[in-house]
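>>> Sequence first, then the predicted structure:
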Number of protein chains: 2
Amino acid sequence: MKSGDKRSDCPISSSLDIFGDRWSLLIVRDLMVYKTRTYGDFTKSAERIATNILAKRLQVLEDNGIIIKLPYPDNKVKGLYKLSPKGVDLIPALVEIALWGEKYVSNPNEGSPFLKEVKKNKTKFLKNIMDQLSADDAATSD
Amino acid sequence: MKSGDKRSDCPISSSLDIFGDRWSLLIVRDLMVYKTRTYGDFTKSAERIATNILAKRLQVLEDNGIIIKLPYPDNKVKGLYKLSPKGVDLIPALVEIALWGEKYVSNPNEGSPFLKEVKKNKTKFLKNIMDQLSADDAATSD
DNA sequence: AATATCTACTTGCATTTTGCAAGTAAAAAG
DNA sequence: CTTTTTACTTGCAAAATGCAAGTAGATATT
């Protein structure tokens, strides 16, 4: 988990060194669904992450260039987190995990509208959402 | 990590409740690459998992129906682990994680032959490897 | 048959991570 | 000027991780 210690050169292993825990990908999920989030927003998600864990995960994700912290417009206390391009590129993996989870471990009667779209046309869904999040990137960088 | 406690109904969250740690998906990776492994084989992988952790992860993965433990032919000590169909279905997620890792956190000069194939034709690669592992399923179940 | 070795674990213990509850400091709102 | 909101930090108990060593039964060796 600390930056610098890679267990091996395997890309899967190196990836898991960064986000192989129970929380990191949920943060990415929230940023995929909502585009931007404040610290407080994250604490309100269904899984109820503890604030100390949240702070650490946000730091690791930021250190690894997966998320970006921006100042909140006209407010010096709040911050706004969003996915970087590197973070946006995690969406295909996230979607595959979601599909697996829905198939094998989810309540059958609560299919999310998101996953319904994914199953209708995965390629189209990915292009749409990734383009959208990338467009936000371009917008905020000027 | 214990069976039974789901943090929420989100399929991503529920999936991570099972394999959201630094080791589980490496076990799945080894079974994807090598088809079958003994306990000792796993301990020889590059990341050098400790034997107590390995035993626990194998148990959790077996409890969750992701891997299957078979007797080793003509040997009462050894066991042979392999992916179940549910485990085989994790391969698309694993491949996306590998692609992300190769793009962002891997040594640029060591592209695996596996990933080269994936990048040439992802759909074909997935079909081939998943069919192959499923065929092994059918063979061992009679 | 006796012994050594191999295989799959288990156990003990130190370290690290997680999780909960409470606290804090600065900005914003009233 | 006081209260509230926001983003954290801190202290501490519990759980997970990691290392090293131990064990028990099957297998190979002499």
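That came in fine, so what should we check first?

>>> Chain A: strands as residue ranges?
Here chain A has its strands, by DSSP state E, at A:36-37, A:67-72, A:75-83.

>>> Give the pairing partners of the last one; include direction for each.
When pairs are called by DSSP bridges, strand A:75-83 turns out to pair with strand A:36-37 (antiparallel), strand A:67-72 (antiparallel).

>>> Adding distance to A:V118 and mean neighbour count, write these out as CSV.
For every residue, glycine as well, the C-beta is placed using N, CA and C. Shown next, in CSV, are those (distance: least, C-beta to C-beta, whole Å; neighbours: other C-beta atoms under 10 Å in any protein chain shown):
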stretch, distance to A:V118, mean neighbour count
strand A:36-37, 21, 20
strand A:67-72, 22, 16
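
>>> Would you format these as JSON lines with mean pLDDT included?
Compiled in JSON lines, these are given as follows (pLDDT from 0 to 100):
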{"stretch": "strand A:36-37", "mean pLDDT": "97"}
{"stretch": "strand A:67-72", "mean pLDDT": "96"}
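
>>> Ramachandran coordinates for the residue lying farthest from the centre of chain A?
For chain A, the residue at maximal distance from the C-alpha centroid (C-alpha atoms, centre = their mean) is A:D74, at 25.3 Å. Dihedral pair for A:D74: phi 60, psi 30, per degrees, to the nearest 10.

>>> A:G111: which of the strands paired with strand A:75-83 is closest?
strand A:36-37 (23.6 Å; C-beta to C-beta).

>>> which other residues reach the closest one?
Residues from elsewhere that reach strand A:36-37 (C-beta atoms under 8 Å, 6 or more residues apart in numbering or on different chains): A:D30, A:L31, A:L70, A:L80, A:Y81, A:K82, A:D136.

>>> Now do the helix or strand bottoming out on mean pLDDT in chain A: everything it contacts.
For chain A, the helix or strand with the lowest mean confidence is helix A:122-140, at a mean of 88 (criterion: mean pLDDT, DSSP states H and E). Residues outside helix A:122-140 that contact it (C-beta under 8 Å, 6+ apart): A:32, A:35-36, A:70, A:82-85, A:88-89, A:91-92, A:95, A:117-118.

>>> can you count the residues close to the residue nearest to A:F42 when sequence neighbours are not counted?
With sequence-adjacent residues excluded and distances taken as C-beta to C-beta, 6 or more residues apart in numbering or on different chains, A:F42 is closest to A:L54, at 5.5 Å. Residues near A:L54, counting by other C-beta atoms under 10 Å in any protein chain shown, number 17.

>>> can I assume A:L54 is in contact with A:T43?
Yes: checked against C-beta atoms under 8 Å, the pair A:L54 and A:T43 is within contact range at 6.4 Å.

>>> With adjacent residues omitted, what lies nearest to the spatially most central residue of chain A?
Among the residues of chain A, the one closest to the centroid is A:V28, at 0.9 Å (C-alpha atoms, centre = their mean). If the residues on either side of it in the chain are set aside, A:V28 comes closest to A:L90, at 5.4 Å by C-beta to C-beta, 6+ apart.

>>> residue contacts, that neighbour?
By C-beta under 8 Å, 6+ apart, the neighbours of A:L90 are A:F19, A:L25, A:V28, A:I66, A:L83, B:W100.
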